[in-house]
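Enquirer: what follows is a predicted protein model with its sequence.
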Amino acid sequence: MKNIKARFIIEDYQHYLNDVQDIVRAFSPYLILDNSACDFLRLKHFYADGVFTAQIDGTFIPQNQRQIDIDAVGDIEYKKITKHFLKTFIYDCLSAFFGIKLPYGSLTGVRPTKLYYELLDTQTDPKSILINDYRVSPQKAELIEECVFSQRGIYKQDTANCDIFVNVPVCPTRCNYCSFISAEYGKVKKLIPEYIEKVKTEIEMIKKYISEKGLNLRSVYVGGGTPTSIGAESLSSLLSPLARCGVEFTVEAGRPDTVNDEILSVMKDNNVTRISINPQTFNERTLKTIGRAHSVKDIYDSYEKALKYGFDINMDLIAGLEGESLLDFVYSIEKVVELSPQNVTAHTLSIKRGAAIRERQKDMGGNAREMIDFAHEYLKKHKYKPYYMYRQKNMADNLENTGFCLEGKACVYNIDMMEDISSVFGAGANAMTKIYKGQKIERKAHPKHIHDYSKRDIDSLTFNFF
Ligand code: SF4
């Protein structure tokens, strides 16, 4: 396989730079963008007499040109058509040159299901369009379609619908692949009481707003981080204003070492309906490598305890963890299925800025494609169906994260959040409030860190947005 370091030159780039760079970057590590490289890849495009022409050439790639007729259309439609055309053209050129096909073809967005829904408005067979026009592999097009079909009965675009998300960006220790903003509990312990009071005030304001506007609350999600790492007393205080919402209520108890009877009772007493206990792997050696401060036995113990409380349980696994072979991952999937939680989320490792292991990324993600293929096949064989999916930047092998559920156990919050079909009111540091206005979504982010959030005047947080 060729490995090339190149400068990327796009002429008249103002409308296309980010989108086009995304598709070029998808060919990493075979093609690495570097402004100081000697090799280059140049994209030109121009429009004349109703014909849009794109041309690609470089010091290593043969010159290639493609044209499309464009009838008179408005600016937005013109940009949409030409952007898609350029991305697919570049994809085809690079795919032929490197001799590889990417699972999502020229699709670089994080939510492929959104495109499927969009196509559904005008096309009878969106899956074929994904395969033929976007070069998505038949297998991934099938996955996208399966997720959309699984969402029937829950998916509903409605500006009167909303969800609440509360962020607790605190964990017992830091996983070495983590790039979320999450502080180690020991380092922020003193800030927690003040933080919780502020978040509770914000939750009360959100609830009042929802009630005054007559909005329809669909779900509550307390995530992070690991909210269960703040201890039973603090967690109880935090959950109390949400206890009577009467909707699907999830709390991430992601780290098994934070799950004990006291914490589980607090969640039960506050009417939590769904929790996440995330092994990531059932391989003892890998748990140590990735910086989790718990053992495989902790995973089993916490799961067994949680079962007694009757929660729906989600378990996350990650494909492509450092040092893991395909067999290690197969073992983890088999162990999760043996436990039969209501939800399993098959993640692909994504390495982002700030991850301590970025330097060692060449050792990671090696077999991710085989791992994810196995996970999907095995989960489906055991009655799990995919119901939501999303992609992130820098995912091993250009793959995706997919949530699977047993019949009737799809998580409403995950669907609302990922498909952008309802407003999500965020409370807490680094939470995002999204207001769904039909064709448009307005977003407002909170201060990222606990300390900054706690210092801010409450009126400058959620409510100055409405
Ligand atoms: S549990 Fe999640 S948020 Fe916490 S350190 Fe690990 S990856 Fe980051």
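Expert: Structure's in. What do you need?

Enquirer: show me the contacts for the closest residue to residue 110 other than its chain neighbours.
Expert: Take residue 110 and drop its neighbours on the chain: the residue closest to it by CB to CB, 6 or more residues apart in numbering is residue 391, 4.9 Å away. For the C-beta atoms, the positions are set from N, CA and C on the backbone; glycine is no exception. Counting by CB atoms under 8 Å, 6 or more residues apart in numbering, residue 391 touches 104, 109-112, 399-401.

Enquirer: 10 Å - rerun?
Expert: For residue 391, the contact set (CB atoms under 10 Å, 6 or more residues apart in numbering) comprises 103-104, 107-112, 348, 350, 398-402.

Enquirer: ok, now residue 257?
Expert: 172-173, 226, 228-229, 292-295, 298-299, 301-302.

Enquirer: just to be sure, residue 322 is in a helix?
Expert: No - according to DSSP: H, G, I helix; E, B strand; the rest coil, residue 322 belongs to no helix; its state is coil.

Enquirer: close to the ligand: what parts of the stretch 151-300 of the chain are there?
Expert: 171, 174-175, 178, 180, 182, 225-226, 254-255 (CB under 6 Å from any ligand atom).

Enquirer: how about the closest residue to the ligand within the stretch 251-400 of the chain, what does it touch?
Expert: Nearest residue of the stretch 251-400 of the chain to the ligand: residue 254, at 4.9 Å (CB to the nearest ligand atom). Shown in contact with residue 254 (CB under 10 Å, 6+ apart): 171-172, 175, 223-229, 275-280, 292, 314-316.

Enquirer: rerun that using 8 Å as the cut-off
Expert: When contacts are counted by CB under 8 Å, 6+ apart, residue 254 touches 171, 224, 226, 228, 276-278, 316.

Enquirer: contacts for the strand or helix carrying residue 42?
Expert: Here residue 42 sits within strand 39-48, counting by DSSP states H and E. The set of residues external to strand 39-48 that reach it, using CB under 8 Å, 6+ apart, is 4-12, 16, 20, 24, 31, 52-61, 70, 82, 86, 90.

Enquirer: identify the residues contacting residue 83.
Expert: Counting by CB under 8 Å, 6+ apart, the residues that residue 83 touches are 15-16, 19.

Enquirer: ok, residue 269 to residue 409 distance?
Expert: Computed as CB to CB, to the nearest Å, the residue 269 to residue 409 distance reads 23 Å.

Enquirer: if you could redo that for residue 115, that was the one I meant.
Expert: To residue 409, residue 115 is 26 Å away according to CB to CB.

Enquirer: show me where pLDDT drops low in the stretch 301-450 of the chain?
Expert: Where the stretch 301-450 of the chain drops to pLDDT under 70, the residues are 351-366.

Enquirer: tell me where it has strands.
Expert: Assigned by DSSP state E, counting those that start in this stretch, the stretch 301-450 of the chain shows strands spanning 312-319, 343-348, 385-390, 401-405, 423-427, 432-437, 440-445.

Enquirer: next, format these as CSV and append distance to residue 204 and mean neighbour count.
Expert: Putting the strands of the stretch 301-450 of the chain into CSV (distance: least, CB to CB, whole Å; neighbours: other CB atoms under 10 Å) gives the following:
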stretch, distance to residue 204, mean neighbour count
strand 312-319, 27, 23
strand 343-348, 30, 24
strand 385-390, 30, 23
strand 401-405, 30, 24
strand 423-427, 10, 25
strand 432-437, 15, 17
strand 440-445, 18, 11
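
Enquirer: rewinding a little: pull the most distant pair out of the contacts of residue 391.
Expert: Spatially, the most separated pair among the contacts of residue 391 is 108 and 402, at 17.7 Å (CB to CB).

Enquirer: before we move on, back to that, out of the contacts of residue 391, which are buried?
Expert: Among the contacts of residue 391, those classed as buried by 16 or more other CB atoms under 10 Å are 103-104, 107-108, 111-112, 348, 350, 398-402.

Enquirer: just those residues now: which is nearest residue 422?
Expert: Among the buried ones among the contacts of residue 391, residue 111 lies closest to residue 422 (CB to CB), at 14.5 Å.

Enquirer: so that closest one touches residue 388, yeah?
Expert: No - here residue 111 does not reach residue 388: they are 9.2 Å apart, not a contact under CB atoms under 8 Å.

Enquirer: what sits in contact with each of these two?
Expert: Common neighbours of residue 111 and residue 388 are listed as 418-419 (criterion: CB under 8 Å, 6+ apart).

Enquirer: enumerate the residues of the stretch 301-450 of the chain near the ligand.
Expert: Going by CB under 6 Å from any ligand atom, none of the residues of the stretch 301-450 of the chain are near the ligand.

Enquirer: which pLDDT value does the model give the spatially most distant residue from the centre of the chain?
Expert: Ranked by distance from the centre of the chain (CA atoms, centre = their mean), the top residue is residue 49, with 42.2 Å. At residue 49, the model reports a pLDDT of 91.

Enquirer: who are the contact partners of it?
Expert: Residue 49 makes no contacts at all, as judged by CB under 8 Å, 6+ apart.

Enquirer: quick check: phi and psi on it?
Expert: phi 50, psi 40 (degrees, to the nearest 10).

Enquirer: for residue 171, give me phi and psi.
Expert: The phi and psi values for residue 171, taken as degrees, to the nearest 10, are phi -140, psi 160.

Enquirer: sorry, that was for residue 341
Expert: Note on residue 341: backbone dihedrals following degrees, to the nearest 10 are phi -70, psi 160.

Enquirer: counting neighbours, go ahead and name the busier of residue 269 and residue 409.
Expert: The residue with more neighbours, out of residue 269 and residue 409, is residue 409; 17 against 12, by other CB atoms under 10 Å.

Enquirer: residues touching the helix or strand where residue 249 lies, excluding its own?
Expert: For residue 249, the element it lies in under DSSP H and E is strand 248-252. Contacts to strand 248-252, defined as CB under 8 Å, 6+ apart, come from residues 218-228, 235, 239, 242, 267, 270-276, 278, 314, 411-413.

Enquirer: what of stretch 181-189?
Expert: Applying CB under 8 Å, 6+ apart, the contact partners of stretch 181-189 are 169-174, 224-226, 229-230, 429-430, 448-451.

Enquirer: report the rounded mean pLDDT for it.
Expert: On average, stretch 181-189 scores 93.

Enquirer: ok, which stretches of the stretch 101-250 of the chain are helices?
Expert: Ranges of helices within the stretch 101-250 of the chain are 112-120, 126-134, 138-150, 185-188, 192-213, 232-239, based on DSSP state H, counting those that start in this stretch.
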